[in-house]
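Novice: Dropping a prediction and its sequence here:
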There are 4 protein chains.
Amino acid sequence: MLLELEARKTKQLPRGLMLANVFRAPGRFGLEEKTIPQAGPGQAVIQIRLTTICGTDIHIVRGEYPVREGLTIGHEAVGVLHQVGIGVEGYEIGQRVMTGAITPCGQCEPCLGGDGSQCGGALGGWQLGNTIDGTQAEYVLIPHAQANLTRIPDGLSDEQVLLLADIASTGFAAAERGNIRLGDTVAVFAQGPIGLCATIGARLLGASEIIVVDPDRNRLKISKQFGATVALESGPDVTERVRELTRGRGVDTAIEALGLQETFENALRVLRPGGTLSSVGVYSGHLKVPLEAFGAGLADRNIVTTLCPGGKERMRRLMRLVEANRIDLTPLITHMFSLEDIGQAYELFGSRHNGVLKIAIRVS
Amino acid sequence: MLLELEARKTKQLPRGLMLANVFRAPGRFGLEEKTIPQAGPGQAVIQIRLTTICGTDIHIVRGEYPVREGLTIGHEAVGVLHQVGIGVEGYEIGQRVMTGAITPCGQCEPCLGGDGSQCGGALGGWQLGNTIDGTQAEYVLIPHAQANLTRIPDGLSDEQVLLLADIASTGFAAAERGNIRLGDTVAVFAQGPIGLCATIGARLLGASEIIVVDPDRNRLKISKQFGATVALESGPDVTERVRELTRGRGVDTAIEALGLQETFENALRVLRPGGTLSSVGVYSGHLKVPLEAFGAGLADRNIVTTLCPGGKERMRRLMRLVEANRIDLTPLITHMFSLEDIGQAYELFGSRHNGVLKIAIRVS
Amino acid sequence: MLLELEARKTKQLPRGLMLANVFRAPGRFGLEEKTIPQAGPGQAVIQIRLTTICGTDIHIVRGEYPVREGLTIGHEAVGVLHQVGIGVEGYEIGQRVMTGAITPCGQCEPCLGGDGSQCGGALGGWQLGNTIDGTQAEYVLIPHAQANLTRIPDGLSDEQVLLLADIASTGFAAAERGNIRLGDTVAVFAQGPIGLCATIGARLLGASEIIVVDPDRNRLKISKQFGATVALESGPDVTERVRELTRGRGVDTAIEALGLQETFENALRVLRPGGTLSSVGVYSGHLKVPLEAFGAGLADRNIVTTLCPGGKERMRRLMRLVEANRIDLTPLITHMFSLEDIGQAYELFGSRHNGVLKIAIRVS
Amino acid sequence: MLLELEARKTKQLPRGLMLANVFRAPGRFGLEEKTIPQAGPGQAVIQIRLTTICGTDIHIVRGEYPVREGLTIGHEAVGVLHQVGIGVEGYEIGQRVMTGAITPCGQCEPCLGGDGSQCGGALGGWQLGNTIDGTQAEYVLIPHAQANLTRIPDGLSDEQVLLLADIASTGFAAAERGNIRLGDTVAVFAQGPIGLCATIGARLLGASEIIVVDPDRNRLKISKQFGATVALESGPDVTERVRELTRGRGVDTAIEALGLQETFENALRVLRPGGTLSSVGVYSGHLKVPLEAFGAGLADRNIVTTLCPGGKERMRRLMRLVEANRIDLTPLITHMFSLEDIGQAYELFGSRHNGVLKIAIRVS
């Protein structure tokens, strides 16, 4: 399914213009010409080589997550440093760089207090493709570049690091925030790309048994390659099955990686007293807490939620895991399209057909 | 309202019998004669001098929290060591002792893993007056005595330590688990006895501003004596008021000390991104999570729940706070009754009249 | 001892020049004319109103801590915002501001990893009066201004916040890093300004007994006003005394606030197994670990060292403690001198005469 | 080198007697007849099937670590439950069980406070083969059996779990206490059995690069099988090599697994500012802290020491890692002897010849 890149058409664009995938209205988006951004103080411009489509982008183009009309979509950037603004130091034009999906400033109160993803206010660390133009374009402006530009070691390919920006950082964080001790049992609800990364994360952090739950048999199969020890198909008796597998004890950590009432509730139901429900799903509508599974508030159970951690130090450490051959995320990239064909890529990604997990968008 | 102790009638009881406050059916409970318990291996018997009535006991006698018919109610024990079983070492008969409301064994997997309140299983650390006979009696059998019997220093009166067993340990834990940093702003929803102890706890842990919310003006007034810096009457605009007081920032930690949808929801609404909602309320019915206040699961907000921590090491440290004059809980004891009049005490406590906060029950 | 400010002489200085206290050689330092600094990108210039002398400055002028010839000394800045460089946003010229002694950039790997004091490398967060011109001057250039400029609320005087920049942040951090639980017993070795702040910090964090040790009776007396429960004069039997006071148990946390073999060793000797030695002293020469006090490495004892935490979020929270009347550091300011008389101030501070604790230097 | 078990001679022992390896004087120890112990309240007796020799045992028989004359040596017990005392519940005679080398009571103040290895006082959790008769015998009395008896799942052999009792629990704890974050770089000094387990532990917890240092090339080779990414021979330039490998940055966590001045010092020298030195070595003589490597106390460096964690919950979780095929410690067992030949086993183990790492002692 890997597509050959077509001959690029951008060369015919007038100087200073670029192609970008722009949101216009629910259901209406596509490539447009935009001016190549200029780096102001503290900013940088990356010439994109590889980006990807996230589940959130699907919500955006469908109008389920509101963004302003005219915004360039996308929040994963692997490319080449094109320009740096005043005050950005230690980088060289032409270097291969990436940034996380979340671009904390490092200098506001939340950032200095350790809440970089909430930079400047709730969800404020997520700017790319949300409040400012994003990465599904030939060039992208990176705010707070000093805190976010991450050099890519020569030994690593663009594909090897692409997924660190969001799904790996998020999925691993689901595990990191889950308070996993050596030998603990972890359940992961949903094995989409983030759930699969949570499975990898649980393994990386020393879990013994990792029980994963998903309705898709293909994803369950893949999960076993990434460290799942038991893969269960979703169904009405799945919490019962997990209880049995843990001899009635419950799991130490339950990870919710989808954002539905059902998965949230099941995660809480299989959790042992004193355990942690680590949630990285994005919820909509209503969310109810089943009180018996919550021990009426007396079972020392905890619910933690996490937005993808960003910043260059985070990216650096995740890259080290790739360099040390501890993780290989490339099997998650099931398809590749050129930027010109991004419309088809959205169609495939939204359909979940053909075993699609993640699609890489080759820009240049 | 402090009553003179009447002449004790127990002396006329046949040898080996004692008075105990026994639950029979919803709405039906009262003093009965029971056999004085005998300490088996690892157990001890305390001759009670002082106990109290907890909000949970009200739920029990009303049938809202199910216990077995015939159970002695009560879970706070201050008294004199009457008997120890085989294997209990380092204590002397006649010593003044107490135990926490929660009596962990220290030797099961949850206890050894640091979840003593969930000893042996969900809520398992709470045995007294729940699954075994409780403390509103002349004598009480203490399980796992070695882990729970706490000597009371000579300098401390029974009244000074009585409330450590449950409400202080619970309320302080609400603050301890709330991840309070020096100078943080804390909101406490509900200023009943546990909420007031949470206020004390937030102050003990170095909060700067402590904003408390309750419908009862008397309790708000008392809260200021215990460290509240702002006391707000409950009302539809209370979350707005808290937002203003924090200049739109939200509080770092919000403590829920009641167990209602409203207080839970308000606690979540005033919480800054990255903050912690620490819940010690007991919920019934349904509990809904307002998603906008939850940042749709992306705001790094955490919800932690805590059952009262027990064990003699916990009690020892809380006693040290009393000895060092860092806390004085006696103002919370607004009334005292003798065991013989415990029926009246329940009536008053249930009515919330006369400014009642906690009632001490004098047994011998 | 509070001196009247003399008529300022700076008005006669040529435009663009200022007075600064400059290090020339061991034993040789004093006021000189320097050019008023200009704020580059990301920087700011503060017009100083109040600064102070630190123990470290004494080491500097004596040549015991090496700095470059020509450096302006001093690292505490309370003043008025004079100029901001490109990229610094959200401040207004003329506002009253301060910074911590440590000025992390917030954007390098150590900063993003939570080690702001080690910004860019070992001790790298400490620049003012160490690697760049400091605060004992009429103006000071602040690096990484966005992460460090802290507005001072109108209700707080310069004197109320001056000591937050270094000794309070350091002393409190000694307690914060000491893993103090509610009701724990803490020992603090040395009650100079930082040790006194560690005493305040231990109290703020919920310690019960706080045992302090110092050779100076005056300081011991003051320590009691700041929360010490027992004040012991230094001497050969002091560790034995602490052991007795803790009934042979040892303290949970021992704070070293001086930087000598003796205090380090005593701190380790009085520590219970599993306890934490939190060190903020600056050591020179040799440091030996007495192995019996270290349990030969098997006693689960920990030694943590901390450099003053900085950054505007830290300063904001410390200011909140002042605003909420939880701390009052002004009694530590025993003397005040004008900048013109800073030589006398150094003399007094170095001599430790006249009960001097901290000296405020009034600049404008 | 695996020896065939000789025909057992114990059958000829008079009823009630057993063989035990007893310390008599420095250099003098060996098999003697002793009375089979009887389980008192809270105790149990295990009939040993497999035990091992620890480096500490070598110190004991050489008189370098003092124990009382007549003590049975050894602290790892895998066997069959022979007898339980009053108050021990939930076990069946004849079950296959083990205990950790450290046997916390779970009920004293240190245990309840989370310091089980310091049960009752410094190093108090280590009783077997230290203060009470140990495991190099046909039977062993286990104190605090309820907190320590761990059932061995049917699927696991004695050999698979033997090393969990001490070296795995210790080595893993070295990593767990080292504050390793995903992708961190770890250095481990010494690759004896505990150092090798620390290497395994660092890998289990998500380190990227694991640099190990040892003088023995055979051990360096083995370390690579257990997760080391770089194996360096000890030498004067080894800290320089580590610095280079980390591009001057230093390692995030340095583990000391031997107990010498040299390894301690090197561990500190390669540590980045803000990093943690996690020490599990047993030191003797003097220990000096090189001040420049300590940043004079200002580099936010931490030194944590850890005694082997014990208790059945710890053992259960470590067994889960074996069951889930996440660890296989059997390659560390290079030799096996029968109890009758334990003298030869000590000789070989003490000599470090023949590539010996750990010796299993087959008892029955």
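Specialist: Received the coordinates, thanks.

Novice: check which helix or strand covers residue A:272.
Specialist: strand A:271-279 (DSSP states H and E).

Novice: packing partners for that strand?
Specialist: When contacts are defined as 3 or more Cβ pairs under 8 Å, 6 or more residues apart in numbering or on different chains; DSSP states H and E, strand A:271-279 sits against helix A:169-176, strand A:251-256, helix A:261-269, strand A:302-305. In short, each C-beta sits where N, CA and C put it, glycine included.

Novice: To chain B, which of those lies closest?
Specialist: Distance to chain B, taken as Cβ to the nearest Cβ, is lowest for strand A:302-305 among those, at 4.3 Å.

Novice: Could you tell me how many residues sit around residue A:118?
Specialist: Residue A:118 sits with 29 neighbouring residues when counted by other Cβ atoms under 10 Å in any protein chain shown.

Novice: Quick check: the residue lying closest to residue A:234 once chain neighbours are set aside vs residue A:235, distance?
Specialist: Among residues not flanking residue A:234 along the chain, residue A:215 sits closest, at 4.2 Å (Cβ to Cβ, 6 or more residues apart in numbering or on different chains). Distance, residue A:215 to residue A:235, by Cβ to Cβ, to the nearest Å: 8 Å.

Novice: Equivalent analysis for residue A:295, please.
Specialist: Going from residue A:295 to residue A:235 by Cβ to Cβ gives 25 Å.

Novice: more crowded one of those two?
Specialist: Remark: of residue A:295 and residue A:235, residue A:295 carries more neighbours, 21 against 11, as counted by other Cβ under 10 Å.

Novice: so who does the more buried one touch?
Specialist: A:273, A:301, B:122-123, B:305, B:307 (Cβ atoms under 8 Å, 6 or more residues apart in numbering or on different chains).

Novice: So which residues on chain A come close to chain C?
Specialist: A:41-42, A:86-87, A:104-114, A:116, A:144, A:146-147, A:311-314, A:316 (Cβ under 8 Å from any Cβ of the partner chain).

Novice: cutoff 6 Å now
Specialist: Proximity of chain A to chain C, by Cβ under 6 Å from any Cβ of the partner chain, involves residues A:41-42, A:86-87, A:106-107, A:109, A:112-113, A:146-147, A:311, A:313.

Novice: Pull the most distant pair out of the residues you listed.
Specialist: Using Cβ to Cβ, the two most remote members of the residues of chain A next to chain C are A:86 and A:113, lying 27.1 Å apart.

Novice: Neighbour count for the two, which is higher?
Specialist: Comparing residue A:86 with residue A:113 by other Cβ under 10 Å, the one with more neighbours is residue A:113, at 19 against 16.

Novice: thinking the more buried one is in contact with residue C:313, fair?
Specialist: Yes. Between residue A:113 and residue C:313 there is a contact at 4.8 Å, judged by Cβ atoms under 6 Å.

Novice: Put together CSV for the contacts of residue A:295, with neighbour count on each row.
Specialist: As requested, the contacts of residue A:295 are arranged in CSV below (neighbours: other Cβ atoms under 10 Å in any protein chain shown):
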residue, neighbour count
A:273, 23
A:301, 26
B:122, 21
B:123, 20
B:305, 25
B:307, 29
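
Novice: Excluding residues flanking it in the chain, which one is nearest residue A:115?
Specialist: Distance criterion Cβ to Cβ, 6+ apart; nearest residue to residue A:115, sequence neighbours excluded, is residue B:274 at 3.6 Å.

Novice: what's the distance between that neighbour and chain D?
Specialist: Residue B:274 sits 18 Å away from chain D, going by Cβ to the nearest Cβ, to the nearest Å.

Novice: What's the local residue count around that residue?
Specialist: Residues contacting residue B:274 under the criterion other Cβ under 10 Å number 23.

Novice: try residue A:153
Specialist: Around residue A:153 there are 14 residues (other Cβ under 10 Å).

Novice: and it, that one's in a helix?
Specialist: No. Per DSSP: H, G, I helix; E, B strand; the rest coil, residue A:153 lies outside any helix segment and is coil.

Novice: Quick check: nearest residue in space to it, chain neighbours excluded?
Specialist: Sequence neighbours aside, residue A:323 is the residue nearest to residue A:153 in space, at 6.2 Å (criterion: Cβ to Cβ, 6+ apart).

Novice: same check, this time on residue A:180
Specialist: Closest to residue A:180 by Cβ to Cβ, 6+ apart is residue A:205, at 4.7 Å.

Novice: quick one: that neighbour from chain B, how far?
Specialist: Noted for residue A:205: a distance of 17 Å to chain B, by Cβ to the nearest Cβ.

Novice: looking at it, that residue is touching residue D:204, isn't it?
Specialist: No. The pair residue A:205 and residue D:204 fails to qualify as a contact (Cβ under 6 Å) at a distance of 8.0 Å.

Novice: so what's residue A:193 up against?
Specialist: Listed by Cβ atoms under 6 Å, 6 or more residues apart in numbering or on different chains, the contact partners of residue A:193 are A:167, A:332, A:357-358.

Novice: out of those, who's nearest chain C?
Specialist: Distance to chain C across those (Cβ to the nearest Cβ) is lowest for residue A:167, with 20.3 Å.

Novice: Wasn't that closest one part of a helix?
Specialist: Yes. Assessed with three-state DSSP, residue A:167 lies in a helix.

Novice: Now do the contacts for it.
Specialist: Residue A:167 touches A:193-194, A:197, counting by Cβ under 6 Å, 6+ apart.

Novice: Now the nearest residue to residue A:313 once chain neighbours are set aside, what are its backbone angles?
Specialist: Setting aside the residues directly before and after it, residue A:313 is nearest to residue C:112 in space (Cβ to Cβ, 6+ apart), at 3.7 Å. Dihedral pair for residue C:112: phi -70, psi -20, per degrees, to the nearest 10.

Novice: so residue C:112 touches residue A:311, yeah?
Specialist: Yes. Using Cβ under 6 Å, residue C:112 is in contact with residue A:311, at 4.5 Å.

Novice: Looking at those two, which one has more neighbours?
Specialist: residue A:311 (30 against 27).

Novice: Compute the distance between the more buried one and residue A:85, please.
Specialist: Separation of residue A:311 from residue A:85 (Cβ to Cβ): 18 Å.

Novice: strands paired with whatever helix or strand comes next after the strand holding residue A:272, and their directions?
Specialist: Next along the chain after strand A:271-279, taking DSSP H and E as the criterion, comes strand A:287-289. Partners of strand A:287-289 in the sheet, by DSSP bridges, are strand B:287-289 (antiparallel).

Novice: Could you list the domains of chain A?
Specialist: Split into domains by automatic domain parsing, chain A comes to A:10-166+A:308-362, A:178-305.

Novice: okay, these in TSV with mean pLDDT and distance to residue B:261 next?
Specialist: Compiled in TSV, these are given as follows (pLDDT from 0 to 100; distance: least, Cβ to Cβ, whole Å):
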stretch	mean pLDDT	distance to residue B:261
domain A:10-166+A:308-362	97	22
domain A:178-305	97	10
